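K.L.:
coords below, sequence missing:
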């Protein structure tokens with residue numbers, strides 16, 4: 001987890017911002033003194049096709065903003081792409097943040113190993129978006145937040161035969177029978193952004 005605190009001029013409502021990018025990271029973050037509002041975004045890990053040549057889907061995105069109190073502890077998990085395969089679908093590739101009462105503040109589903117994108121219908125948040133499906137030449141792309149007020153920088157790319165994915169993008173296997181080789185393109189891991197404000201920022 002990387003923290004950015006006190007990076008704005010005095011009086012700005014943002015108190016703390018934390019990005020979690022490490023695959024499989026679990027932990028908690030405590031609302032600092034003066035915090036009255038929490039804002040969180042999450043992207044799951046990209047899907048990964050392992051059972052046959054093919055590509056995994058892109059991860060879903062979820063967002064939520066609501067009131068909190070100083071000292072509130074928010075548990076989190078960041079999606080690990082090694083658990084987004086057809087053989088390991090145990091929930092560890094999904095990304096989430098939980099409220100102090102253990103309910104989900106946000107939950108973002110991983111991309112699917114069969115090429116389907118993570119489903120908004122399986123997510124939790126006031127904004128929920130599905131990842132894109134894989135194509136015949138590349139993995140699916142993670143859903144993003146570019147059009148939201150004050151975006152936090154979500155929206156990973158799917159892997160291709162020449163480039164790896166960003167976080168949340170799907171990867172897979174490409175078979176080159178004439179060369180007798182299989183190339184592996186690992187998917188991108190998940191990402192979280194958690195922010196605390198001294199007032200309701202209005203987004």
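P.N.:
Noted; the coordinates are in hand. Remember, predicted model here, so these are calculated numbers, not experimental data.
K.L.:
so where's the protein shaky on pLDDT?
P.N.:
1-12, 177 (pLDDT under 70).
K.L.:
those strands in it, which residues are they?
P.N.:
Ranges of strands within the chain are 2-5, 14-20, 26-30, 37-43, 54-55, 61-67, 73-77, 95-98, 104-108, 127-129, 172-176, 181-185, 191-197, based on DSSP state E.
K.L.:
return the most buried member of those.
P.N.:
strand 37-43 (a mean of 28; mean count of other C-beta atoms under 10 Å). Just so you know, the C-beta spots here come from the backbone N, C-alpha and C atoms, and that holds for glycine as well.
K.L.:
any idea which residue sits dead centre in this structure?
P.N.:
Nearest to the mean C-alpha position of the chain, by C-alpha atoms, centre = their mean, lies residue 43 at 1.6 Å.
K.L.:
and the nearest residue to it once chain neighbours are set aside, what is it in contact with?
P.N.:
Nearest residue to residue 43, sequence neighbours excluded (C-beta to C-beta, 6 or more residues apart in numbering): residue 168, at 4.1 Å. Residues near residue 168 by C-beta atoms under 8 Å, 6 or more residues apart in numbering: 43-46, 58-59, 61, 79, 111, 131, 142-143, 154-156, 188-191.
K.L.:
check the gap between the closest residue to residue 35 other than its chain neighbours and residue 23 for me.
P.N.:
Excluding the flanking residues, the one nearest residue 35 by C-beta to C-beta, 6+ apart is residue 196, at 4.1 Å. Taking C-beta to C-beta, to the nearest Å as the measure, residue 196 falls 24 Å from residue 23.
K.L.:
and if you look at residue 108?
P.N.:
Here residue 108 is placed at a distance of 14 Å from residue 23 (C-beta to C-beta).
K.L.:
next: residue 197.
P.N.:
Taking C-beta to C-beta as the measure, residue 197 falls 28 Å from residue 23.
K.L.:
picking that back up, so who does the residue nearest to the centre of the chain touch?
P.N.:
Neighbouring residues of residue 43 by C-beta under 8 Å, 6+ apart: 59-61, 79, 95, 108, 142-143, 154-156, 167-168, 190-192.
K.L.:
what pairs with the closest residue to residue 127 other than its chain neighbours across the strands?
P.N.:
Spatial nearest neighbour of residue 127, chain neighbours left out: residue 63 (4.0 Å); criterion: C-beta to C-beta, 6+ apart. For residue 63, the beta-bridge partners are residue 41, residue 127 (DSSP bridges).
K.L.:
surely residue 63 is in contact with residue 125?
P.N.:
Yes. Using C-beta atoms under 8 Å, residue 63 is in contact with residue 125, at 5.0 Å.
K.L.:
which residues do these two both contact?
P.N.:
42, 106.
K.L.:
tell me the residue furthest from the middle of this structure?
P.N.:
residue 178 (37.0 Å).
K.L.:
list the contacts for it?
P.N.:
Counting by C-beta under 8 Å, 6+ apart, residue 178 touches no other residue.
K.L.:
same check, this time on residue 105
P.N.:
38, 40, 64, 66, 74, 96-99, 124-125.
K.L.:
now, which of those sits nearest residue 184?
P.N.:
For those, the residue nearest residue 184 by C-beta to C-beta is residue 96; the value is 27.5 Å.
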